[in-house]
Each structure stands twice: as C-alpha cells, then as structure tokens.
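K.L.:
Fold the stuff below for me.
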Amino acid sequence: MTRRLTGFQPTGKLHLGNLIGAMRPLVQAQERPDTRSIAMIADLHAMTMEHDPAQLRANTLQVATVLLAAGVDPRRTALIAHSQVPEHSELHYLLECVTGYGEAARMIQFREKSAGSPLPGFSAPSEGPGAGSKHVRLSLLTYPVLMAADILVHDSEQVPVGDDQSQHLELARTIATRFNTRYGETFTVPEGIRPESAARVMDLADPARKMSKSSPSPAGRIGLLDSPDVIRRTIARAVTDTVGIVRDDPAGQPGVTNLLGILRACSDRELGDLHSYGALKREVTDAVEAVLTPIRTRYAELAEDPDHVRKVLSEGKAWVRPRAAETVRRTRAALGLLD
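P.N.:
Numbers count the residues shown, from 1 in each chain. Here you go, the predicted model:
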C-alpha cells in the first residue's frame, strides 16, 4: 500500500488550478487499491502570517467542505485538519532538534517574506534603528520543518509537489535521511510526485505566473465557488495576444496556450477548429462551468450541515493518529527520551 499526503492551506479561496493540479489527482487516486491518501488542511501553516482567527476557522471548514464536494471520499481518503492531530506538532519540535538554522533560513519563501526585517523572528522596534521594518514570525522560519513533520509522521511515501514546494520536500528528505543515519532507521524517505505539465494552470491576467490564491488581483483566477457570471467575466477578460491564431505556443502565446490547457483539462471531447479568441473563451467558459456546477451544487448541500463536515474531520483524525503516534514513539525512543 503506497501512502500519499496532499496538503491544502486554508488561505484564500480554492481555485481551478487547485482542482486540476491537486484535488483531481487526489480523487483519482481513490480508485487505485494500492494507494492510500491523506488530505490535510494545513491550518497551522496559515498561522505563519497575520490572520484573523475567526476567518481561519471558517476557511478550514470551507476547504474541507470543498474537498468533499469535489469528490474526496472520507471512506477511502482520510480528511484531516492539521491542528487536530497533535503528533504533527510534537514531531515538529523533535525534528527541529536535528535541523540547522541555515537549512531553514535558506528556504525561498522565508527569504522572500522576511525581506526587510532586521532579525528573522523578532519584532522590529517602533523607534530608532530598524523602526518600520516588518514583523516576521518565528513560525515562518520553522514551518518548513513542520512541513517535514507532516510528511514523515504519516510514513508518507509519495507527496505531490509543484515547483514552489520542491525545496521543502527536499528538506524533509534531508532530515529523514540524516535522522536515519544518526539514530537508526526511523522514517520513510518520501518521493515527490510531479503534476502533469497540462495540470499547471496559469494566471489568466498574467500567464507568466501560476494561478494562485495569494495573487494580489482576483482577475487571474477562477474560484471553485465563483458564480457563473463571475466565471464568464473572468475568462472573457483573460489575456491573449495580437497574433489572432488559436494554437499552442507557450513562448509566443502563453495566454492562449493556457486557455487551451484549461479547455483540455476540463473537457474530454475533441476541441475541433477554433477560429477566434472569442470562440475559444466561450468554449473554455462552457467547459469550466460543466466541471464546477456539480461542485457548487454539492458544496451548497454540505454547507447546510457543517456538523457532518466536522464529523468527517473527527473520523479522519481517528483514522490517522495510531500510525502518527507510532512514528512519534519511534522518534522519541531513537532520541533517548523516556517512554
């Protein structure tokens, strides 16, 4: 049985890129009897930046509801909220004890988000030197180690990753290998699973960048719960070019190529001849709507019963904790801690 972990941060709204690149493969894996998946809503990761507590709680429940609406079957895939499985946090600290500061500080996201701070992890003074520099939480530095703990605590063998997360997976592999060498075989060393090239959905307003929840403008992304009118307007305003030919040309026509990729990902039928960008956008709109309509409908039904969603999360927690607890027990014993 191959164990696979897929994580979703409850920050911003889940979009079409999340569906095609992460959620759809997760649902498809349920059909393979040799694969067992965990879908993790990484609420602890969302706390590395300033956040509203009530919104975080609501977002976590919304992501769980969207995953269920998109086809995640809790009888075959364990659906968990990160913070509800305390073994994540316990293993996090144990792994910090075998990880160097430099390894964490080299992470690209930490360097980008901490730029301008006088000292990582400390508040800037309100007066004097460094005044006005932004506050950087210590958790922003250490969360790649928490991500490693998330992967290793479940004995995950496969982790779907994109380019923006490959560095974090390599850190998890490095920590696991180092620990096994120093203290004896304790962890499964995970492998990264790359999404298919067609699954990489780009921003509709800026096709040079990936569709993202953190994009400053919503004009480039299609939310899974967006209304049909919003989806139509978003696709109608998608960036194309002045060439006027509908064809795949990633270098010369990235916007058109992105729309064609979305159309292929959302439609099983032959594309046929598309002679104008307007026709292409209408085809894309129809295909996206055909995919998202049943998700919106099922989401509305599930949202009427949040207690059911909470029950699913509770059952997922009960499912994964025995293995997680055993991993922590092995780690504690290897490090010399008392039972």
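K.L.:
make it CA atoms for all contacts and neighbour counts henceforth
P.N.:
Fine.
K.L.:
Who are the contact partners of Ala333?
P.N.:
Asp339 (Cα atoms under 8 Å, 6 or more residues apart in numbering).
K.L.:
could you redo the last one with a cut-off of 10 Å?
P.N.:
By Cα atoms under 10 Å, 6 or more residues apart in numbering, Ala333 lies in contact with Tyr183, Thr186, Thr327, Asp339.
K.L.:
do the same with Leu263
P.N.:
Shown in contact with Leu263 (Cα under 10 Å, 6+ apart): Thr257, Arg269, Leu271, Leu280, Lys281, Glu283, Val284, Thr285, Asp286, Ala287, Val288.
K.L.:
what do you get if the cut-off is 6 Å, keeping everything else the same?
P.N.:
Neighbouring residues of Leu263 by Cα atoms under 6 Å, 6 or more residues apart in numbering: Val284.
K.L.:
on that earlier part again, of the contacts of Ala333, select the buried ones using a PyMOL command.
P.N.:
Applied in PyMOL, the following selects the buried portion of the contacts of Ala333 according to 16 or more other Cα atoms under 10 Å:
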select buried, resi 186+327
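K.L.:
and which of the contacts of Ala333 is nearest to Leu26?
P.N.:
Using Cα to Cα, Thr327 comes nearest to Leu26 of these, at 23.8 Å.
K.L.:
Put together JSON lines for the contacts of Ala333, with pLDDT on each row.
P.N.:
Formatted as JSON lines, these follow (pLDDT from 0 to 100):
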{"residue": "Tyr183", "pLDDT": "97"}
{"residue": "Thr186", "pLDDT": "98"}
{"residue": "Thr327", "pLDDT": "98"}
{"residue": "Asp339", "pLDDT": "89"}
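K.L.:
Can you tell me which of the contacts of Ala333 is nearest Pro207?
P.N.:
Using Cα to Cα, the contacts of Ala333 come closest to Pro207 at Thr327, 42.2 Å.
K.L.:
leaving aside the residues next to it on the chain, what's closest to the closest one?
P.N.:
Counting by Cα to Cα, 6 or more residues apart in numbering, Thr327 lies nearest to Val153, which is 5.6 Å off, once chain neighbours are set aside.
K.L.:
Could you measure from that neighbour over to Pro25?
P.N.:
Distance, Val153 to Pro25, using Cα to Cα, to the nearest Å: 22 Å.
K.L.:
okay, these two: which has more neighbours?
P.N.:
Between Val153 and Pro25, counted using other Cα atoms under 10 Å, the more crowded position is Val153 (26 against 16).
K.L.:
Would you check that the more buried one makes contact with Arg323?
P.N.:
No - Val153 is beyond contact range of Arg323, at 7.7 Å (criterion: Cα atoms under 6 Å).
K.L.:
Give me the residues contacting stretch 151-171.
P.N.:
Arg3, Arg4, Leu5, Pro144, Thr188, Pro190, Glu191, Gly192, Ile193, Arg194, Ala324, Thr327.
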